[in-house]
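1. Fold the following and give me the result.
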Amino acid sequence: MDARLGDVIDDFCVKCRRLTNHSVVSLLNGAAAKVRCRTCYSDHDYRNEQAPPSKKDLKKAELFNAVLSGVAPAAAAEDPEAVEPKKAAKKPGKA
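-> Predicted structure coming up:
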C-alpha cells in the first residue's frame with residue numbers, strides 16, 4: 001500500500017523516545033521518507049517503527065568485535081582437545 005502525504009502512521013520518535021503517531025511529510029518511491037511527530041511536532045526520517053540501538057548496545061558490539069579481531073585465525077582452527085594446557089612455571093626459591 002502506497003502512503004500519501006498527510007497519512008497518519010506509527011513510527012519511533014527520536015525526540016519523544018517512544019512509538020507515536022506521525023504524519024507523512026515527504027515521499028520517496030511511494031513510501032514515507034520523512035515524517036512529523038504529532039506529539040512534539042519534530043520532523044525526522046521514517047524509521048519503520050524501529051528504535052535506534054542504545055549506546056550501551058553499540059559499545060558491547062564494538063568490544064565483541066575487538067575481541068574477535070584479536071583472536072588468531074590459526075588458533076581458532078586448531079582442535080581444542082589436541083592443545084595441551086600450559087603448566088604454570090614455579091618460581092625458584094619457593095616451596
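2. rest of the way, CA atoms for contacts and neighbours
-> Fine.
3. Mind naming the longest strand for this protein?
-> Counting residues, the longest strand in the chain under DSSP state E turns out to be strand 18-28.
4. so what strands line up beside that strand?
-> Strands that pair with strand 18-28, judged by DSSP bridges, come out as strand 8-13 (antiparallel), strand 31-37 (antiparallel).
5. Let's test this: mean pLDDT of the shortest one, rounded?
-> Mean pLDDT, computed over strand 8-13, is 92.
6. got a list of contacts for that strand?
-> For strand 8-13, the external contacting residues (Cα atoms under 8 Å, 6 or more residues apart in numbering) are 18-24, 37, 44, 46-51.
7. What pLDDT does the model give the residue nearest to the spatial centre of the chain?
-> Geometric centre of the chain, nearest residue: Pro53, 4.3 Å, by Cα atoms, centre = their mean. If you check Pro53, the pLDDT there is 78.
8. Now do the contacts for Ser69.
-> Taking Cα under 8 Å, 6+ apart as the test, Ser69 contacts no residue whatsoever.
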